[in-house]
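K.L.:
Sequence first, then the predicted structure, then my questions.
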Amino acid sequence: VKRVIFKVVRDDNTRALKMMRGEIDLAQAEFPPLKVRWLEKEPKLKVHAYPGLAMTYMLVNHRDPLLAKLDLRRALAAAIDRDAITKYKLEGLATPASSLLTPANPFFNASLKPPAHLPLEAKKLIAALGLEGQAFELKTSNTPTAVDNGRIVARQLSDAGMKIATRSFEWATYYSDIQNGRFQLAIMRWTGTIDPDLYRKAMATKEVPPAGRNRGAFSNSRLDALVDAGVATENFPARKKIYDEVQEIAYRELAVVPLWYDTEVAVASTRLKNYVPPLDGSYWPLTQVTKE
């Protein structure tokens, strides 16, 4: 069995060229959508695009007195044109989201639909709140993809009547700001999530930092009770019913603003045999791979 070459290469263009030259055999979740479409034309490469377990959302700081208003969060959700972003900006390699759990997850609540794009309704809500021209800041990491996504979301929110400024930071600074509540809005992702206990970690009152990962400081007593019950429940139908309601609460209250489900993409050399791309982005399939 010949070895599979796997290298860490940070630059997208360099990584793509190395794959085309046969210097790298496999890249999972490494390329932005436009580069993926480019690599699809290379006959020596196979692009695997499939539904996965990653989703992108806008984190809202509920400590902020303005963002604590549900009508403002409704305006934020209604101002975003997810269909346009996923079709044109993301090259069709994403679908509008409604939950932290993706449709590939067995606990996904299929009754929930992505928030509708209602720009006039968004403007009315903002005007009724007296927030026309109000300044807000949207933070992202400094990766090119995150910066681009942040800019397009900010532009759509600004079109609804707010003034949205974007700021990008290297990962350590960005993560520290998010963890310590130094943000108003932020573009974030969850990846590889299978267990719906994610909702306890992300939204339970007792998980507000520094204790946990409820970085937006969302709080809802009914959700708190449900996620505790979910942890203690083993029967799948009963547990599914619990997390269906959990998702409904998070959706209704806009604990976060769901944006899109990211299509998983793996680019592999055609010399690799028996490669099966994983839902969670792990590298366990390499144990089964051979190379010609």
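P.N.:
Okay, I see it. Because the structure is a prediction, the values reported are computed rather than measured. Numbers count the residues shown, from 1 in each chain.
K.L.:
quick one, helices of the stretch 101-250 of the chain?
P.N.:
Secondary structure of the stretch 101-250 of the chain (DSSP state H, counting those that start in this stretch): helices located at 119-128, 144-159, 171-179, 198-203, 221-232, 236-253.
K.L.:
Quick check: which of those is buried the most?
P.N.:
Counting by mean count of other CB atoms under 10 Å, helix 198-203 has the highest mean neighbour count of those, with a mean of 22. Using the backbone N, CA and C atoms, a C-beta is placed for each residue, glycine as well.
K.L.:
Show me what that helix is packed against.
P.N.:
Using 3 or more CB pairs under 8 Å, 6 or more residues apart in numbering; DSSP states H and E, the elements in contact with helix 198-203 are helix 221-232, helix 236-253.
K.L.:
Between those helices, which one is closest to Phe169.
P.N.:
helix 236-253 (26.6 Å; CB to CB).
K.L.:
For that closest one, which helices and strands make contact with it?
P.N.:
helix 198-203, helix 221-232.
K.L.:
what's the neighbour count on the closest residue to Lys201 other than its chain neighbours?
P.N.:
The shortest distance from Lys201 to any non-neighbouring residue, by CB to CB, 6 or more residues apart in numbering, is to Arg213 (4.9 Å). Other residues within reach of Arg213 by the criterion other CB atoms under 10 Å amount to 16.
K.L.:
Could you pull up phi and psi at Arg213?
P.N.:
Phi and psi for Arg213, reported as degrees, to the nearest 10, are phi -120, psi 20.
K.L.:
That one and Pro43: what is the separation?
P.N.:
44 Å (CB to CB, to the nearest Å).
K.L.:
Please look at Ser158 and Ile164 and confirm they touch.
P.N.:
Yes: counting by CB atoms under 8 Å, Ile164 is a contact partner of Ser158 at 4.8 Å.
K.L.:
Need the overlap of contacts for the two.
P.N.:
Residues touching both Ser158 and Ile164 (CB atoms under 8 Å, 6 or more residues apart in numbering): there are none.
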